[in-house]
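Asker: build me a structure from this.
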Amino acid sequence: MLPTNPDTSPASNGSNAAGSPAEQESRQATVAKCAAFAVLAWMFLPILTGRIYVCDDLQNYHLPIRQFYADCLTKGDSFDWMPNLFSGFFLTGSGQGGTYHPLHYLLYRCLPLGTAFNLEILLSYPFMLFGMQSFLRRHLIRRDAAWLGAIVFTFSGFCTLHFLHPNAVAVVAHIPWLLLVQDVLLRPHAGPRRWRIPAEVSIALLTGSQLLLGYPQYVWFSLLAEISLCIGLADRNWTGIRKLLLISLLKCFGLGLGAVQLLPSMAALAESDRAALPPEFFFQHPLSLADMLQWIGPFLTKSRVFGANTHELGVYCGAIPVLLALSLIRPRSQTRSRPDAGTQLLIPMLCLGLIALWLSFGRDGGLYVVQTWLPLIGKFRYPSRIVVLLHLVLAVLAAIGFARLMKESASHEVGLPGLISVVPWIGAGAAAGVWLLGDPDNAAPWTLMIIGPVLFFLAALMVKDLARGRISAGFMLFLAGDLAAYGFTYEALQNTKSWKDVIASLNQPPGSPADGRIVAEIQIADGDIGYEGNDLLLAGWHQADGYEGLLPQSYLLDQNTSLESLRISGVRWINSGGNHSRIAGLQPTDDSRWLAVPNPLPRARFTVNTATIADPLAAVRKLQPEGFTVVDRDLEIPQTNDTAPGAATIVVDRPGRIEIQTSADSPRLLVLSERFSDGWNATVDGATVPIVRAEIDFMGCVAPVGDHMIRFTFDPASVHSGRLISTMTLLLLCLFAACRVMTLKRRRNNLRRGRSVAGDQISTDPQDTESGPSM
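Answerer: Next up, the predicted model:
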């Protein structure tokens with residue numbers, strides 16, 4: 001242990017020089033709040049300047065979806081089905097729009113698109129900050145310690161690097177609040193009892209809110225954190241079991257509230273390509289042993305990580321938090337003799353951290369393999385994402401470490417572990433090792449490599465001064481500045497544009513969106529070559545392909561892409577990147593970035609003859625734009641050589657609702673090049689007719705003889721059932737809360753009545769005593 005050698009003389013005593021402990025605590029809490037609010041103000045600045053965050057997924061994926069969502073809310077259209085993407089896309093099932101979340105509805109219904117989009121991204125950070133501070137404040141006496149932990153988690157490497165994944169950060173922002181309200185139930189003596197019923201209701205509401213954000217992987221991470229806390233804090237008796245059962249019931253309420261999102265997500269998963277993907281897909285981007293060097297070396301490589309995906313593999317979470325957490329390593333005799341606030345959190349957080357670290361190694365760790373066996377949860381990808389729980393654990397441990405050091409420094413009983421002085425040298429050795437032995441093409445310049453050791457040397461000096469009772473405003477500023485510098489130098493928080501610049505930056509095809517669909521990317525066939533994302537939707541284009549985490553199953557536009565499949569899909573323009581230029585029959589354009597598809601078929605058309613082929617792969621080889629149409633089952637319609645089978649005109653084309661006026665001399669198959677999904681229904685003049693899968697990916701129905709109005713409506717049972725379950729659950733939750741309030745009032749009234757009776761007895765006993773016994 002390193003001695004701190006405190007000087008107890010008044011002239012040099014840091015604690016006396018800095019004021020009383022209460023004043024010191026208040027000053028550090030104020031500095032911490034100012035630092036946190038300054039960082040938040042910088043993040044919110046684009047709202048005031050009329051600019052939009054557009055880095056990577058923000059412009060390529062999230063902004064086009066929000067534009068469609070806002071447009072649907074304005075026009076009163078259904079937003080469950082998005083025709084602009086993948087020739088039709090189950091947007092609600094994807095979940096990334098969070099379309100049924102009340103906050104999203106209010107933002108995009110009431111505010112301009114750019115403002116609503118920025119607020120959706122940014123509001124998670126103050127929400128997370130105050131939630132973490134409130135949770136830690138219940139366990140730590142010191143306010144400055146609670147603010148320190150809140151800063152560490154809110155501006156951790158995970159939360160800033162994943163800025164371009166707003167749904168993920170929003171789900172994570174709920175975790176501290178869920179831990180807080182569960183702590184209220186598990187430890188009612190730690191605060192006012194009046195918060196018990198609001199805490200119970202909040203567990204259900206917060207869980208439902210997480211699910212409505214449409215990112216179940218992070219809900220799973222939240223559940224792991226909650227389970228760790230509950231097991232660690234619950235009493236080992238029947239009372240503790242009752243509390244755990246109550247929390248489980250409230251989580252079930254939350255599950256019901258989120259059913260309107262969860263059920264569509266499960267339906268979309270069943271229709272996606274996840275089931276056909278090889279097992280290796282789910283093990284992509286694990287952490288490695290080399291990535292553990294990031295804890296003490298933020299800039300060892302050009303990408304900051306030992307891989308190609310910075311935001312998925314980033315681990316760094318500041319120098320001071322690591323050293324404060326290490327300061328908790330004490331001999332058992334010291335920890336027993338000086339129990340402190342926050343002790344109850346140590347074991348649950350350490351267990352959570354070990355499990356998260358184990359899972360983060362993916363297949364190499366072994367435990368993640370077991371996770372892939374679980375239903376639904378086993379379809380999550382990227383083991384490295386669980387680093388968010390490691391940062392949560394580090395934030396809690398750092399706050400506890402700070403509180404203990406401040407308490408012990410006042411009594412001059414601090415003995416820091418020698419590891420505090422060793423860590424900076426380990427960081428210097430790691431930088432030297434990567435410089436000398438690492439891949440020279442990936443190693444960062446030495447000017448960046450030394451940043452880590454310098455930060456840890458400075459942090460070690462500050463922690464030692466902290467142990468001596470000397471702390472300055474620079475401590476909290478250094479903490480926040482270290483985290484902000486790491487996160488904000490990443491591209492996600494630097495790239496903003498005005499709406500005009502966003503549209504001007506788009507690589508638009510020649511012609512206009514009315515010419516037909518486009519293909520901007522074919523993920524499976526070309527990987528990232530020729531990648532454009534979905535940002536062309538912002539200019540009104542419709543894509544036959546797209547960029548999406550939960551890809552719908554597609555047979556026409558993957559490895560089987562051909563001129564025939566492009567024409568059948570109604571594609572007019574295809575980007576020339578990757579393998580596209582090798583597709584026979586495509587025509588060059590004046591813009592070398594785009595190729596033209598000749599004679600794309602109309603979106604709604606009659607077909608003369610059909611061929612029944614159940615196997616999709618075999619059907620792809622039989623595609624004939626001018627010949628027969630491939631269907632998945634036999635149809636009772638006559639085969640003919642008639643070259644004019646009839647007319648089909650789209651008269652209404654809204655999201656999830658397409659109406660077609662038809663005229664035919666004999667029963668004909670009407671083919672609509674809108675992606676097939678189980679949620680579609682068809683009617684002819686109001687009478688329901690069966691839908692057939694046509695041209696493998698699309699759909700159609702039999703149009704009878706004569707003039708008719710055929711309507712296709714997207715109304716999936718998963719959305720309908722989800723709405724019903726969520727509504728009923730909300731009513732049950734209200735009933736539950738009302739019953740709890742009435743029960744509490746009844747108990748209070750009984751208690752007051754009992755006290756009143758007891759008081760009357762006390763007041764009458766002396767009189768009885770004075771009167772003496774009767775003879």
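
Asker: report the contact partners of the closest residue to Leu357 other than its chain neighbours.
Answerer: Spatial nearest neighbour of Leu357, chain neighbours left out: Leu390 (6.3 Å); criterion: Cβ to Cβ, 6 or more residues apart in numbering. Bear in mind the C-beta positions are built from the backbone N, C-alpha and C, glycine included. Leu390 makes contacts with Val315, Cys317, Gly353, Ala356, Leu357, Ser360, as judged by Cβ atoms under 8 Å, 6 or more residues apart in numbering.

Asker: go again with 7 Å.
Answerer: Neighbour list for Leu390: Gly353, Ala356, Leu357 [criterion: Cβ atoms under 7 Å, 6 or more residues apart in numbering].

Asker: give me the residues contacting the helix or strand the first one falls within.
Answerer: Put plainly, it is Gly353. Per DSSP states H and E: Gly353 is located in helix 343-360. The list of residues contacting helix 343-360 from outside it, by Cβ under 7 Å, 6+ apart, reads 139, 224-225, 228-229, 231-233, 286-287, 365, 367-368, 371, 383-384, 386-387, 389-390, 393, 396-397, 400.

Asker: pull out the buried positions in the helix or strand just after it.
Answerer: As assigned by DSSP H and E, the chain's next helix or strand after helix 343-360 is helix 367-371. Using 16 or more other Cβ atoms under 10 Å as the test for burial, helix 367-371 gives Tyr368, Gln371.

Asker: alpha carbons of helix 367-371, as CSV, please.
Answerer: Written as CSV, here are the backbone C-alpha positions of helix 367-371 (Å, rounded to 0.1, in the frame of the first residue of the first chain):
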residue,chain,number,x,y,z
LEU,A,367,-20.8,-18.2,-22.2
TYR,A,368,-22.0,-16.3,-25.3
VAL,A,369,-22.5,-19.6,-27.0
VAL,A,370,-25.0,-20.6,-24.4
GLN,A,371,-26.8,-17.3,-25.0
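
Asker: give me the buried stretch members for the helix or strand just after it, please.
Answerer: Proceeding N to C from helix 367-371, the next assigned helix or strand is helix 387-410, under DSSP H and E. Buried residues in helix 387-410, counted by 16+ other Cβ under 10 Å: 387-409.

Asker: over to stretch 260-267?
Answerer: Going by neighbour count (16+ other Cβ under 10 Å), the buried part of stretch 260-267 is Val260, Gln261, Leu262, Leu263, Pro264, Ser265, Ala267.

Asker: low-confidence ranges, the stretch 1-150 of the chain, go.
Answerer: Along the stretch 1-150 of the chain, segments meeting pLDDT under 70 span 1-19.

Asker: quick check: of the contacts of Leu390, which lies closest to Leu601?
Answerer: Nearest to Leu601 out of the contacts of Leu390 is Ala356 (Cβ to Cβ; 51.3 Å).

Asker: OK, contacts around Ala611?
Answerer: Neighbours of Ala611 in contact, by Cβ under 7 Å, 6+ apart: Lys622, Phe628, Val630.

Asker: strand partners of the helix or strand containing it, parallel vs antiparallel please.
Answerer: Using DSSP H and E, Ala611 sits within strand 610-612. The strands beside strand 610-612 in its sheet (DSSP bridges) come out as strand 629-631 (parallel).

Asker: any idea which helix or strand comes after the strand it pairs with?
Answerer: strand 646-654.

Asker: per-domain residue ranges of the protein.
Answerer: Domain assignment for the chain by automatic domain parsing gives 21-493, 506-596, 604-715.

Asker: could I get the ones you listed as JSON lines with distance to Ala738?
Answerer: Shown next, in JSON lines, are those (distance: least, Cβ to Cβ, whole Å):
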{"stretch": "domain 21-493", "distance to Ala738": "10"}
{"stretch": "domain 506-596", "distance to Ala738": "39"}
{"stretch": "domain 604-715", "distance to Ala738": "34"}
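
Asker: select from those the stretch with the lowest mean pLDDT.
Answerer: Of all the domains of the chain, the minimum mean pLDDT falls on domain 506-596 (a mean of 84).

Asker: how far does it stretch from start to finish?
Answerer: Across domain 506-596, the terminal residues are separated by 18 Å (Cα to Cα, to the nearest Å).

Asker: any idea how far it is from the chain center?
Answerer: 28 Å (Cα atoms, centre = their mean, to the nearest Å).

Asker: ok so, going back, between the contacts of Leu390, which sits nearest Asp80?
Answerer: Ala356 (34.8 Å).

Asker: check contacts around the residue nearest to that closest one when sequence neighbours are not counted.
Answerer: Closest residue in space to Ala356, ignoring its immediate chain neighbours: Leu389 at 3.9 Å, by Cβ to Cβ, 6+ apart. Taking Cβ under 7 Å, 6+ apart, we find Leu389 in contact with Phe221, Leu224, Ala225, Leu352, Ala356.

Asker: show me what the strand or helix carrying the third one is packed against.
Answerer: Meaning Ala225. Secondary-structure assignment from DSSP H and E places Ala225 in helix 216-233. On a contact count with 3 or more Cβ pairs under 7 Å, 6 or more residues apart in numbering; DSSP states H and E, helix 216-233 meets helix 166-186, helix 196-212, helix 343-360, helix 387-410.

Asker: just to revisit the earlier point, out of the domains of the chain, the one nearest Asn749 is which?
Answerer: It's domain 21-493; of the domains of the chain, that one is closest to Asn749 (Cβ to Cβ) at 15.6 Å.

Asker: how far does that closest one sit from its chain's centre?
Answerer: Averaging C-alpha positions (Cα atoms, centre = their mean) puts domain 21-493 11 Å from its chain's average.

Asker: start to end distance for it?
Answerer: 38 Å.

Asker: which stretches of the stretch 201-350 of the chain form helices?
Answerer: 216-233, 238-257, 259-271, 310-313, 319-326, 332-337, 343-360 (DSSP state H, counting those that start in this stretch).

Asker: give me the neighbour count for Leu345.
Answerer: For Leu345, the neighbour count with other Cβ atoms under 10 Å is 25.

Asker: any idea how far Leu392 is from it?
Answerer: When distance is defined by Cβ to Cβ, to the nearest Å, Leu345 is 11 Å away from Leu392.

Asker: ditto for Gly533
Answerer: 31 Å.

Asker: could you look up the SS state of Thr688?
Answerer: Per DSSP: H, G, I helix; E, B strand; the rest coil, the secondary structure class of Thr688 is strand.
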